[in-house]
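> What follows is a predicted protein model with its sequence.
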Amino acid sequence: MSDGLIAELGAIVGTEDVLQGEAAAPYLVEWRGAFQPQALAVVRPADTDQLAAVVRACAGADCAVIAQSGNTGLVGGAAASDPRCHVIVNLERMNRVREVDADNATITVEAGCILADVQQAAVDAGLFFPLTLASRDRCRIGGNLATNAGGLNVVRYGNTRDLALGLEVVLADGRIWNNLTGLRKDNSGFDLDDLFIGSEGALGIITAAVFKLYEPVVQQASALFALRSPAQAVKLQRRLTAASGHNLTGCELMSRQAVELACTHIDGCEEPFDVDHDWYLLVELASSAEGHWLLEALSAVVENARQAHELVDVIVAHDTDTSRRLWHLRESLPPAQVAEGASIKHDISLPVSKLPAFLDRALAAVREALPGVRPCPFGHVGDGNLHFNLSQPVDADGAAFLAQAETAHTVVHDIVAEMGGSIAAEHGIGRLKVAALDRYKSDVERDMLKAIKTALDPHNRLNPGVIVAES
């Protein structure tokens, strides 16, 4: 059966794009090392018709299809697990920009496009695509859509879902649904686009999308605040939003531990102030309107916050180099944690107003549960998303520390759930957090998830084991 399927797949995409053995090895790697992916083959279709034919062939052979684009996911969403009947479909060859419609301010791109290339295509058309992540040079649009990625600009432009206007999707039976319309209003039925975005390839394989574009930014103002507490960050976020007319595009909270690791391990990072501070808030205001009024608005917020004792110190970036240096510090936090050693990670969200109380409770709770642990929280305080990561104690054994992950997850996620938050803010559920849904999702919600999965993929052939547990 497998030999016959391999031959059929080769006839569809070309034998050179059906990879097995050593040729497939680069695609059988999971970003965090939490899974050891295995698959019968890695198939690289060149277009949507080929992908649809691959899905039909796998269905005929009773094999599952796991979609993969940039393979930079953090929850094992593309980690195939069966060398006999799991086929990874990698979309990197489907990397065309199909259309830029400047008058409609939209761009239509295939799922294999690298995010940075989509950003550049928008720039080349005199427009701006606001989705941006630290992994923008490696991640691809299909994964951004499949996980509803957030990133650094969510507070102003929203998640990937908020930027998408239409999709093209290959369904579990190999049919193609084309909704690449670019419409901003369409109430002619259920919002099917929204159903597939964030579904992690478990309902259909997204092959292309139409995205909103914006006018290019012509003025920016950035600043790094030194703070005593996260509560001061929340107050500053409100002040900046009001003063800028909702042109706050970045609002990033960083703990002292996070900044220290970046300055220790990452080239180009240096201590921003002469004195260490407990918390830092990096902000950016941006607008397509001409003038310098954003810098004036920022300066006014700084003065008012000083008078209200809502900050300790501040660096206002008056030039591009300073702004880039400050943002380099923020974007260096994830690799700095990797360089420091083992890390237990949490991607959580809460109402912005509850972030200070959560941090007070969670920091105390994890220090009690894991003596010597070094909490390293940072994240998008503007939209309530924190990466509440825990670095191993100094000189601890990394494997022994990671063995305590379930204890840490329970401590953190229980607090998140009690406070009305989410245990998966922007990385998704994947295979990593499926079991946690039994603890934190209601019976009604789990039943709805299963019903939707069954309706669109009755034979469980698309990314089995993701989001909905296998029976």
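Received, thanks.

> Just the element for L355, please.
Element membership for L355 (DSSP states H and E) is helix 355-369.

> Contacts for the next helix or strand after that helix, please.
Going down the chain from helix 355-369, the next helix or strand is strand 374-380, by DSSP H and E. Strand 374-380 has contacts (C-beta atoms under 8 Å, 6 or more residues apart in numbering) with 150-152, 154-155, 251-255, 257-258, 261, 330, 333, 337, 343, 359, 362-363, 366-367, 385-394. In this view, the C-beta of every residue, glycine as well, is placed from N, C-alpha and C.

> Counting neighbours, which of those end up buried?
Using 16 or more other C-beta atoms under 10 Å as the burial test, these include 150-152, 154-155, 251-255, 257-258, 261, 330, 333, 337, 343, 359, 362, 366, 385-393 as buried.

> so how many other residues sit close to the residue nearest to C85 when sequence neighbours are not counted?
Computed as C-beta to C-beta, 6 or more residues apart in numbering, the closest residue to C85 that is not its neighbour in sequence is C63, at 4.4 Å. Counted with other C-beta atoms under 10 Å, the neighbours of C63 add up to 22.

> Contact partners for C63?
Contacts for C63 (C-beta under 8 Å, 6+ apart) come out as 5, 40, 85-87, 461.

> Same check on E168?
Going by C-beta under 8 Å, 6+ apart, E168 touches 48, 176-180, 206-209.

> one more time with 10 Å
Listed by C-beta atoms under 10 Å, 6 or more residues apart in numbering, the contact set of E168 reads 48, 98, 108, 110-111, 176-180, 204-210.

> Same check on A25?
By C-beta under 10 Å, 6+ apart, the contact list for A25 reads 19, 37, 42.

> which residues touch S255?
By C-beta under 10 Å, 6+ apart, the residues touching S255 are 230, 261, 277-280, 333, 359, 363, 374-379, 386, 388-389.

> do that again at 8 Å, thanks
Contacts of S255 (C-beta under 8 Å, 6+ apart): 278-280, 375-378.

> before we move on, the earlier item: so which of the contacts of A25 belong to strands?
19, 42 (DSSP state E).

> Just put the contacts of S255 in TSV and tack on distance to H292 and neighbour count.
TSV is the format used below for these (distance: C-beta to C-beta, whole Å; neighbours: other C-beta atoms under 10 Å):
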residue	distance to H292	neighbour count
D278	32	13
W279	29	24
Y280	25	26
P375	39	20
C376	36	25
P377	34	23
F378	30	24
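
> Pull the most distant pair out of those residues.
Largest separation among those by C-beta to C-beta: Y280 and P375, giving 14.8 Å.

> outside of stretch 445-464, which residues touch it?
Identification of contacts with stretch 445-464 by C-beta under 8 Å, 6+ apart yields 55, 58-59, 63-67, 77-78, 171-172, 195, 200-205, 437-438, 441, 467-468, 470.

> Go ahead and measure how far that stretch is from the middle of the chain.
Its chain's average C-alpha position is 23 Å from that of stretch 445-464, according to C-alpha atoms, centre = their mean, to the nearest Å.

> Return the set of buried residues in that stretch.
So, applying 16+ other C-beta under 10 Å, buried residues of stretch 445-464: 449, 452-453, 456-457, 460-464.

> Find the residue at the geometric middle of the chain.
Centroid-nearest residue in the chain, with C-alpha atoms, centre = their mean: A149, separated by 3.5 Å.

> now the strands for the stretch 301-450 of the chain?
313-317, 343-344, 347-349, 374-380, 385-391 (DSSP state E, counting those that start in this stretch).

> Make TSV from the ones you listed and add mean pLDDT to it.
Below are the strands of the stretch 301-450 of the chain laid out as TSV (pLDDT from 0 to 100):
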stretch	mean pLDDT
strand 313-317	97
strand 343-344	96
strand 347-349	96
strand 374-380	96
strand 385-391	96
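
> Nearest to N71 among those strands would be which one?
In terms of C-beta to C-beta, the element of the strands of the stretch 301-450 of the chain nearest to N71 is strand 347-349, at 17.8 Å.

> Give the other helices and strands that that closest one contacts.
Secondary-structure packing of strand 347-349 (3 or more C-beta pairs under 8 Å, 6 or more residues apart in numbering; DSSP states H and E): strand 385-391, helix 405-418.

> Great, nothing more from me.
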